[in-house]
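Novice: Fold the following and give me the result.
(one chain, ligands or ions: 1)
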Amino acid sequence: MAIDYQKEGRIAIFTINRPEALNAMNVQAARELHQAMVDFRDDPELWVGIITGAGERAFCVGADIKDMLPFLKEHLQNRPWAMPDTPMRGLELWKPLIAAINGLALGGGLEIALACDLRIASEKARLGTPEVMLGLIPGWGGTQRLPRMIPQCKAAELLLMGKPIDAQEAYRIGLVNIVVPPEAVMPTAREWAETICQAGPLAVRAAKEAMLRGSGLTLEEGLRLENALEAYLMGTEDFAEGTSAFIEKRKPNFKGK
Ligand code: HXC
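Specialist: Numbering: from 1, shown residues only. This is a model prediction of the structure:
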């Protein structure tokens, strides 16, 4: 399997498992990521996802140049949405995703991390969009997500020059949340996932949806969206449980209902 998909309680772990090619995404990996992500999205027992790469060198070095790029060349010009839906594009996924960036995150690999909500980077990670060196641009969301996430001049530096940056620089410009030693990447990701699992899962999803959908709206429209989501949450069992638990001075037992 090119994607190793494991369920640990409420947490789903997706490992891109092609270490011999530095976890480059071939067509099979993209299909498997799609299938695993759809299962994660639709399984009510799963609340948070973690994406990482197998081996010590790479998170993912992007589209497989020998397999994926020829596939895209054949399909993209006539059927622009030929790629299966993934968190990078097309998948309506409001459950939170954490990128555990254990090493190189280049091209489509960085774009997978950008499609996550939280990014935990190894001290040894390097991040970049080298696509221009191949005569391409990032095509899994990089040209759109980077300038929305970091200052435009820094996005331009990455996108136009194609040179990777190290983890500390990525932290400095706000591209990753935290930098940790290599052996702490997955434990930190699990710890953060567990923290999110303490919260009401429907509220977490509504917060993500409000945040992401809201970024494409005017303030007025965004406030309306927020209001509609708040009204929906107030009708949930989780809201009743959360407030009761506070008043009764106990931990809430959220059910995602
Ligand atoms: C396929 C890849 C690969 C890739 C590395 N490999 N990157 N295979 N696709 N993207 C393979 C190499 O061919 C090699 O296999 C093995 O992984 C180890 O890589 P080396 O190059 O030998 O290692 P090293 O010298 O340490 O260099 C590491 C590297 C370099 C700097 C990461 O491999 C590199 O520049 N890779 C290309 C990264 C890139 O351009 N990514 C963007 C892809 S385009 P063998 O069999 O020879 O040992 C993209 C677009 C997404 O992501 C959007 C599409 C719409």
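Novice: any idea which element A105 lies in?
Specialist: strand 104-106 (DSSP states H and E).
Novice: how far does that strand sit from the chain's center?
Specialist: Here the centre of strand 104-106 is set off from its chain's centre by 14 Å, with C-alpha atoms, centre = their mean, to the nearest Å.
Novice: right, and the secondary structure at the nearest residue to P44 once chain neighbours are set aside would be what?
Specialist: Excluding its sequence neighbours, the residue lying closest to P44 (C-beta to C-beta, 6 or more residues apart in numbering) is G256, at 6.0 Å. Where C-beta positions appear, they are placed from N, C-alpha and C, glycine not excepted. Three-state call for G256 (DSSP: H, G, I helix; E, B strand; the rest coil): coil.
Novice: Dihedrals phi and psi, G256?
Specialist: In terms of degrees, to the nearest 10, the main-chain angles of G256 are phi 70, psi 30.
Novice: returning to what we had before: run through the neighbouring helices and strands of the strand holding A105.
Specialist: strand 58-60, strand 126-128 (3 or more C-beta pairs under 8 Å, 6 or more residues apart in numbering; DSSP states H and E).
Novice: Quick check, the residue nearest to P44 in contact with P201.
Specialist: Yes: using C-beta atoms under 8 Å, G256 is in contact with P201, at 4.4 Å.
Novice: Looking at those two, which has the bigger crowd around it?
Specialist: Using other C-beta atoms under 10 Å as the criterion, G256 and P201 rank with P201 on top: 22 against 17.
Novice: can stretch 154-169 be found next to the ligand?
Specialist: No: looking at stretch 154-169 against the ligand by C-beta under 6 Å from any ligand atom, there are no contacts, and the closest approach is 8.0 Å.
Novice: what does the stretch 1-150 of the chain have sitting close to the ligand?
Specialist: 21-22, 24, 61-66, 72, 104, 106-108, 130-131, 134, 136, 138-140.
Novice: Buried members of those residues into ChimeraX, please.
Specialist: A single ChimeraX command selects the buried members of these (16 or more other C-beta atoms under 10 Å):
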select :21,22,24,61,62,63,64,72,104,106,107,108,130,131,136,138,139,140
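Novice: and the helix or strand bottoming out on mean pLDDT in the chain, what other elements does it pack with?
Specialist: Using mean pLDDT, DSSP states H and E, helix 68-76 stands out as the lowest-scoring helix or strand of the chain, at a mean of 89. Contact analysis of helix 68-76 by 3+ C-beta pairs under 8 Å, 6+ apart lists helix 27-42 as its packing neighbours.
Novice: tally of neighbours for the residue lying closest to W47 once chain neighbours are set aside?
Specialist: With C-beta to C-beta, 6+ apart as the criterion, W47 has its nearest non-adjacent residue at 4.2 Å, and that residue is R10. Each residue near R10 was counted by other C-beta under 10 Å, and the total is 17.
Novice: now E74
Specialist: E74 - counted by other C-beta under 10 Å - has 11 other residues nearby.
Novice: Against the ligand, how distant is it?
Specialist: 13 Å (C-beta to the nearest ligand atom, to the nearest Å).
Novice: just to revisit the earlier point, tabulate the helices and strands packed on strand 104-106 (JSON lines), appending distance to S244.
Specialist: JSON lines is the format used below for the helices and strands packed on strand 104-106 (distance: least, C-beta to C-beta, whole Å):
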{"stretch": "strand 58-60", "distance to S244": "41"}
{"stretch": "strand 126-128", "distance to S244": "44"}
